[in-house]
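Q: Okay, sequence plus prediction incoming.
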Amino acid sequence: QRQPQAAAGLLRALQMQELSPTLRAWVELRLGNVHDLQGERQAAQAWYQGVQGDEQAEARAHAYIATPFVPAQIDLKPLEQAVI
């Protein structure tokens with residue numbers, strides 16, 4: 001979170017490995033997200049257009065092609081408040 005350069009490095013390392021189609025789709029979707037965060041819209045759209053292998057990832061990619069990715073604020077509950 002809030003470290004797009006670090007995320008990009010990890011995602012690129014993952015992308016170079018042999019992955020299941022589902023995991024590859026999510027890695028490529030997130031690579032597009034990183035490019036959006038860095039203001040590189042064309043690169044982001046290129047990643048989004050290549051996402052395939054998981055219906056949910058593909059649906060999000062299509063949405064991000066039309067509207068750039070913007071991170072949402074996420075409030076994490078302390079572990080002692082988590083529902084098990």
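A: Nice, I can see it.

Q: Roughly how far does residue 29 sit from residue 17?
A: In this structure, residue 29 lies at 16 Å from residue 17, with Cβ to Cβ, to the nearest Å as the measure. The C-beta positions use only the backbone N, C-alpha and C, and glycine is treated the same way.

Q: neighbour-wise, which of those two wins?
A: For the pair residue 29 and residue 17, the greater number of neighbours falls to residue 29 (23 against 9), based on other Cβ atoms under 10 Å.

Q: Low-confidence bits of this structure, can you list those?
A: Flagging of the chain using pLDDT under 70 yields the residue ranges 1-2, 73-84.

Q: Can you pull up the most central residue in it?
A: In the chain, the residue lying closest to the centroid (Cα atoms, centre = their mean) is residue 30, at 1.6 Å.

Q: so it touches residue 8, yeah?
A: No - in this structure, residue 30 is not within contact of residue 8 by Cβ atoms under 8 Å, at 9.1 Å.

Q: buried residues in the top helix by length along the chain?
A: Under DSSP state H, the helix in the chain containing the largest number of residues is helix 21-37. Neighbour-count burial for helix 21-37 flags 24-37 (criterion: 16 or more other Cβ atoms under 10 Å).
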